[in-house]
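Participant: Next one to model:
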Amino acid sequence: MCALESDIVVLDGGFATQLCRHVSDPVDGTPLWSASFLYTNPDAVIKTHLDFLRAGAEVLMTNTYQASIEGFVNHLGLNEEDSYKLIKNAVHLAKTARSQYAKEVGAIADKILIAGAIGPYGSALHDCSEYTGSYVSHVSKKEMADWHRPRMQALIEAGVDLLAFETIPAQSEAEALVELLKEFPQQKAWLVFSCKVYRHYYKVFSFLDFCSQDNFHTCHGEKFQDAAKKCWEINSSQLIAVGVNCLSPKYVSSLLKGINKDKTDNPIPLIVYPNSGESYDLERGWFDRDKCCPVEDYVQEWLNLGVTYIGGCCRTYADDITRIKKEVNKWTSKRKIIETNGHQ
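Facilitator: Numbers count the residues shown, from 1 in each chain. Prediction:
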């Protein structure tokens with residue numbers, strides 16, 4: 001994996017959110033979400049990556065959160081071979097954007113890292129179980145690993161710098177992923193959980209509240225910190241960070257606080273990329289943005305907790321990444337002044 005020069009790494013934002021600025025076709029609520037545009041509009045995918053790079057992102061995540069062999073076969077009509085190639089092409093599109101950006105600014109392209117996005121098993125079931133992790137009660141770790149393996153293999157073959165295991169709702173699936181990672185011993189990855197701190201309402205389920213708020217557990221119900229520590233113990237040699245994503249920013253600190261209290265010599269690197277804090281339902285779409293505190297207002301608080309990778313998820317645009325980057329730069333500058341004065 002290529003190394004970054006900065007101590008704090010700024011990630012990109014909500015890919016589907018920013019993609020909507022380049023396409024007129026629907027994104028939310030479709031079976032493949034933004035992944036279908038790898039096939040239908042690859043130029044828009046490149047433009048979206050470029051938006052985040054111009055905003056200050058140091059890591060691009062491939063547009064593959066909801067990409068899978070069976071998903072492309074069932075919803076795009078591709079055969080398995082072409083579906084596999086399409087996942088690999090997502091990496092090519094990210095690399096193309098990286099090269100274009102490097103030419104724009106006269107930088108070295110490989111200073112920008114590319115992370116292969118790996119969403120949860122439930123994202124392919126189209127029954128909202130990705131928000132609960134309920135499938136782990138009847139899907140074994142082996143079955144989940146077998147399903148994830150070709151996606152991971154395709155991304156690795158295409159040359160990602162690392163993998164992003166993201167929005168994982170249950171400890172069982174997280175453990176399956178970090179164990180599977182051992183089959184690719186040269187590959188690094190981060191792991192982020194989805195937790196019981198935000199509400200998703202779906203008309204088909206009579207507006208059931210899937211994730212009751214308690215600020216401490218994964219969506220499936222395990223204690224987040226216990227799950228994070230367990231996965232770190234399983235494969236700390238390949239994981240670069242553990243944390244949370246796609247949750248309201250106001251709940252991040254309560255999840256992370258104290259996670260490293262017993263690890264002063266070798267703390268777990270922490271990663272955070274929340275959503276905007278908005279609410280969502282199928283009839284209204286996203287709403288209540290005006291009631292949300294901007295993500296950047298929390299950044300310095302998270303950095304003080306030890307977060308080293310920071311970005312955005314759903315409903316965070318390239319403009320949000322620019323503001324996050326500014327807060328990171330402020331915090332970094334303050335720390336350098338403190339360290340300099342402390343050594344005088």
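Participant: Please make it C-alpha for all contacts and neighbour counts, starting now.
Facilitator: Fine.
Participant: distance of Y309 from A164?
Facilitator: Look at Y309 and A164: by C-alpha to C-alpha, to the nearest Å, they are 12 Å apart.
Participant: How far off centre is stretch 179-199?
Facilitator: Counting by C-alpha atoms, centre = their mean, to the nearest Å, stretch 179-199 is centred 10 Å from the centre of its parent chain.
Participant: What's the per-residue pLDDT of I324 here?
Facilitator: Per-residue pLDDT puts I324 at 98.
Participant: sorry, that was for Q186
Facilitator: pLDDT, read off for Q186, is 97.
Participant: Was I right to think G133 contacts K196?
Facilitator: No: with contact defined as C-alpha atoms under 8 Å, G133 does not count as touching K196 (11.1 Å).
Participant: Count the residues that sit near N41.
Facilitator: 14 (other C-alpha atoms under 10 Å).
Participant: Distance of it relative to A97?
Facilitator: From N41 to A97 the distance is 14 Å (C-alpha to C-alpha).
Participant: Repeat that for R289.
Facilitator: For R289, the distance to A97 - C-alpha to C-alpha - is 30 Å.
Participant: just N79 next, same as before
Facilitator: On the measure of C-alpha to C-alpha, N79 and A97 end up 27 Å apart.
Participant: Over to G77?
Facilitator: 27 Å.
Participant: Could you tell me the phi and psi values at the residue positioned nearest the centre of the chain?
Facilitator: In the chain, the centroid-proximal residue (C-alpha atoms, centre = their mean) is E166; its distance is 4.6 Å. Backbone torsions for E166, taken as degrees, to the nearest 10, come to phi -130, psi 150.
Participant: shaky segments in the stretch 51-200 of the chain?
Facilitator: For the stretch 51-200 of the chain, the stretches flagged by pLDDT under 70 are 197-200.
Participant: between N79 and A97, who's got more neighbours?
Facilitator: A97 (24 against 13).
Participant: what's around K223, how many residues?
Facilitator: Neighbours of K223 (other C-alpha under 10 Å): 17.
Participant: For the closest residue to it other than its chain neighbours, give me its contacts.
Facilitator: Leaving aside its sequence neighbours, K223 sits nearest to H217 (C-alpha to C-alpha, 6 or more residues apart in numbering; 4.3 Å). Counting by C-alpha atoms under 8 Å, 6 or more residues apart in numbering, H217 makes contact with C195, K196, K223, F224.
Participant: Spatially nearest residue to the first one, not counting backbone neighbours?
Facilitator: The one in question is C195. T218 (3.9 Å).
Participant: Could you measure from that neighbour over to Q171?
Facilitator: 8 Å.
Participant: ok so, going back, can you tell me which of the contacts of H217 are in helices?
Facilitator: Among these, DSSP state H puts F224 in helices.
Participant: and the contacts of H217 as JSON lines, adding distance to H92?
Facilitator: What follows is the contacts of H217, written out as JSON lines (distance: C-alpha to C-alpha, whole Å):
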{"residue": "C195", "distance to H92": "32"}
{"residue": "K196", "distance to H92": "35"}
{"residue": "K223", "distance to H92": "37"}
{"residue": "F224", "distance to H92": "34"}
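Participant: Strands of the stretch 1-150 of the chain, residue ranges please.
Facilitator: 9-10, 59-61, 113-118 (DSSP state E, counting those that start in this stretch).
Participant: what's in contact with the longest one?
Facilitator: When contacts are taken as C-alpha under 8 Å, 6+ apart, the neighbours of strand 113-118 outside the stretch itself are 2, 58-66, 91, 94-95, 148, 151-152, 155-156, 160-166.
Participant: before we move on, the earlier item: tell me which of T218 and Q171 has more neighbours.
Facilitator: Just comparing T218 and Q171: by other C-alpha under 10 Å the higher neighbour count belongs to T218, 30 against 24.
Participant: That one is in contact with F193, isn't it?
Facilitator: Yes: if you go by C-alpha under 8 Å, T218 and F193 touch, sitting 6.7 Å apart.
Participant: what residues are shared contacts of these two?
Facilitator: Contacts common to T218 and F193, judged by C-alpha under 8 Å, 6+ apart, are P169, A170, F224.
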